[in-house]
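# Dropping the sequence and predicted coords here.
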Amino acid sequence: MITYDKLYVGGQWVAPEIAEPIVVVSPHDRPVVGHAAQATPADVDRAVSAARAAFDHGPWPHTTPEHRQALIARFNELHAQRATEIAELVTAENGTPSWFTSSLQTAMAEQTNAYLRAAAEFGWEERVSTPNGPGPIVRREPVGVVAAVIPWNAPHQSALVKIVPALLAGCAVILNASPETALDALLLAEVFAAAGLPDGVLSILPAHRGASEYLVAHPGVDKVAFTGSTAAGRRIAAIAGEQLKRVSLELGGKSAGIVLADADLPTMLSQLPFASFGNNGESCGSISRLLLPRSRYEEFVDAIAGVVGAIPVGDPRDPATFIGPMVTPAQQERVRGYIRLGIAEGARLVVGGPEEPEGLTGGNYVRPTVFAEVRNDMRIAREEIFGPVLSLIAYETEEEAIRIANDSDYGLSGAVWSADQDRALAVARRLRTGGVLVNGDPGGFDAPFGGYKASGLGREMGVAGLSGYVELKTINA
């Protein structure tokens, strides 16, 4: 049992305004994992006041970029030292299997290092050259107080992809953590405190929706950085628009993978579980629509069914488990409801189904499910399910595959498999999406990440991510 009975407000551990804690429950077999202090609007007011004082009157935004980089580098060392502990805690909170949480926590050091590389090369202040000689000075200054609002599915990744660039830019940050993963959020405060972050610069507030919306709308907040559902993103964008508040949104997806007819089947099959079912399928970037050539359709369907049907489902703490439980009973029922909907829509159920997996009725479990003969106008092909459900769609020509992939409200991720790398790249260039995996290349943390259309606004990672936390000032001198 883990208990955090205080909130981290402006660098200090303080008692919350209300004594009612957030109760974190294991999705595996539903015992209580721990209790965390719950933030209310009054706690938000305290955190914003501390952040405003730190930004408006404190030294932090005026320190050198090198000073801020050194502090973040120290944090990164301390955070990496606790990677195993954090991974185990996140698995207990949200049901993500240990193979995923451990690999993701290890990767967090490189994500932060990529931001440090970007900061070291960033043009914090530079003089523009003109045809007549030296021109104006362009400064990149911190945007101000940032509200970072994150979901539960990859909590430290979602937190650090916002906190790190904001702090490197000289901003003050208030992290609003999801109730489902409140414990690891407050653990993160311990690491930043140990790194020597000045008072006022960071607050961490686990909170339910009411306090979260209060934070987003708070007049003392200059920017909102949000990861979550597209519906919530629209609400945040509306609030930010009313106040002309800066906003970046990393939202949902319904990403398509195109398997070209010349693709190497064993290679694609080896990568498919990670692309479509990683993190229990509770990932905005999951390849949840797979487009297959009609000429090889049944061959591919049978092979995919064999792979998905053999995916181990069970206790997320077991290293042999690939898919664990959904985060909450409500999410479990949501996903099972979409499986029932797919059957009602006339798709062919190939693997899985709406029943709970055998022997796993005590937790929030869902069978990994594959539908064949899916049309792109079906709801299971258009709406984000956020679970282990894959739709297989047939196409006749490459042009049709590109059209189907782009026929979506979303545009976050995508994939192309082909034996011809140049052909795969040509298809990737025509997809209306923020990122594309070509033949399984995972990329890295230096390139931008974000989406087109309803998948969001702005970009995270590297130089592009850092740029989202600065304002540009031109000094004509």
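Arrived safely, thanks for sending.
# Run through the helices of the stretch 51-200 of the chain in chain order.
Listed in chain order, the helices of the stretch 51-200 of the chain (DSSP state H, counting those that start in this stretch) span 65-81, 83-94, 98-121, 155-169, 182-195.
# Report the rounded mean pLDDT for the third one.
Pointing back at helix 98-121 there. Averaged across helix 98-121, pLDDT comes to 97.
# okay, now the domains of this protein?
As assigned by automatic domain parsing, the chain contains the domains 2-251+455-475, 255-444.
# ok, how many other residues are close to residue 56?
12 (other Cβ atoms under 10 Å). Bear in mind the C-beta positions are built from the backbone N, C-alpha and C, glycine included.
# wait, I meant residue 81
Neighbour number of residue 81 under other Cβ under 10 Å is 12.
# now that we're looking at it, which residues does it contact?
Counting by Cβ atoms under 8 Å, 6 or more residues apart in numbering, residue 81 makes contact with nothing.
# got any ranges where the stretch 251-400 of the chain has weak pLDDT?
Nowhere does the stretch 251-400 of the chain drop to pLDDT under 70.
# Check the gap between residue 149 and residue 224 for me.
7 Å (Cβ to Cβ, to the nearest Å).
# and if you look at residue 105?
Distance from residue 105 to residue 224, by Cβ to Cβ: 26 Å.
# same check, this time on residue 451
Taken as Cβ to Cβ, the span from residue 451 to residue 224 is 17 Å.
# If we ignore the residues flanking it in sequence, what's nearest residue 371?
residue 347 (4.0 Å; Cβ to Cβ, 6 or more residues apart in numbering).
# from what I can see the one you found touches residue 370, true?
No - Residue 347 lies out of contact with residue 370 (Cβ atoms under 8 Å); the separation is 9.7 Å.
# more neighbours, these two?
Neighbour tally, residue 347 and residue 370, criterion other Cβ under 10 Å: the higher count belongs to residue 370, 27 against 22.
# quick one on the thing from earlier: among the helices of the stretch 51-200 of the chain, which comes closest to residue 286?
helix 98-121 (12.4 Å; Cβ to Cβ).
# where do the strands sit along the stretch 201-350 of the chain?
202-206, 223-227, 246-250, 255-259, 287-293, 348-351 (DSSP state E, counting those that start in this stretch).
# now the first one against helix 155-169, angle please.
Using axes from the mean of the first three to the mean of the last three Cα atoms, to 10 degrees, the direction of strand 202-206 lies 160 degrees away from that of helix 155-169.
# Tabulate the CA atom coordinates of strand 202-206 in PDB.
The C-alpha trace of strand 202-206 is given here as PDB (Å, rounded to 0.1, in the frame of the first residue of the first chain):
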ATOM      1  CA  LEU A 202       6.800  22.900 -10.300                       C
ATOM      2  CA  SER A 203       3.500  21.700  -8.800                       C
ATOM      3  CA  ILE A 204       2.000  18.200  -9.200                       C
ATOM      4  CA  LEU A 205      -1.700  17.900  -8.700                       C
ATOM      5  CA  PRO A 206      -3.600  14.600  -9.100                       C
END
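# Show me which positions of that strand end up buried.
When neighbours are counted by 16 or more other Cβ atoms under 10 Å, the buried residues of strand 202-206 are found to be 202-206.
# Tell me which of the strands of the stretch 201-350 of the chain lies nearest to residue 312.
Closest among the strands of the stretch 201-350 of the chain, using Cβ to Cβ: strand 348-351, at 13.8 Å.
# partners of the closest one in the sheet?
strand 369-372 (antiparallel) (DSSP bridges).
# which residues are contacting the strand it pairs with?
Under Cβ under 8 Å, 6+ apart, the answer for strand 369-372 is 301, 304-305, 308, 339, 342, 347-353, 380, 388-392.
# Please pick the buried ones from those residues.
Buried among the contacts of strand 369-372 by 16+ other Cβ under 10 Å: 301, 304-305, 308, 339, 342, 347, 350-353, 380, 388-392.
# Show me how far stretch 149-165 is from its chain's centre.
Offset of stretch 149-165 from its chain centre (Cα atoms, centre = their mean, to the nearest Å): 7 Å.
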